[in-house]
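Chemist: sequence-free structure coming up:
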């Protein structure tokens with residue numbers, strides 16, 4: 001497992017997946033079912049979060065499903081050059097896909 005990927009699980013409030021500080025390291029997250037992810041009311045505890053990675057040209061987040069997410073689905077902050085495409089969210093709390101500050105030049109399809 002890459003040391004820059006953090007996956008924490010708590011059965012009571014929801015797990016979350018963070019990809020942090022992976023500048024110039026393209027990521028592929030594809031075909032994953034995210035069920036009951038995220039922690040409502042907690043800062044930076046979203047189902048899938050790409051955080052402070054700068055330019056990650058070639059990163060692809062595709063063909064994932066988010067079901068009953070507790071706080072958003074996909075959050076990108078401080079990262080650019082990625083493509084988010086063909087993801088599905090059902091019965092989620094909040095915005096399903098959210099791009100924060102310093103997240104320019106991303107493609108959403």
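Modeler: Nice, I can see it. Worth saying up front: this structure is predicted, and the values here are computed from it rather than measured.
Chemist: so where is this protein shaky, pLDDT-wise?
Modeler: 1-12 (pLDDT under 70).
Chemist: Strands of that one, start to end?
Modeler: Using DSSP state E, the strands of the chain run over 5-8, 16-20, 28-30, 33-35, 48-62, 65-67, 74-85, 88-90, 97-99, 107-108.
Chemist: Please identify the buried residues of the third one?
Modeler: By neighbour count, and taking 16 or more other CB atoms under 10 Å as the criterion, the buried residues in strand 28-30 are residue 29. In short, each C-beta sits where N, CA and C put it, glycine included.
Chemist: other SSEs contacting that strand?
Modeler: strand 48-62 (3 or more CB pairs under 8 Å, 6 or more residues apart in numbering; DSSP states H and E).
Chemist: What strands line up against the strand it packs on, and which way round?
Modeler: When pairing is defined by DSSP bridges, strand 48-62 lines up against strand 16-20 (parallel), strand 28-30 (parallel), strand 74-85 (parallel).
Chemist: Residues in contact with it: which ones?
Modeler: Under the contact criterion CB atoms under 8 Å, 6 or more residues apart in numbering, strand 48-62 has outside partners 16-30, 34, 37, 44, 64, 66, 73-87.
Chemist: circling back to that earlier point, let me have the strands paired with strand 48-62 in JSON lines, adding distance to residue 109 as columns.
Modeler: Formatted as JSON lines, these follow (distance: least, CB to CB, whole Å):
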{"stretch": "strand 16-20", "distance to residue 109": "20"}
{"stretch": "strand 28-30", "distance to residue 109": "14"}
{"stretch": "strand 74-85", "distance to residue 109": "4"}
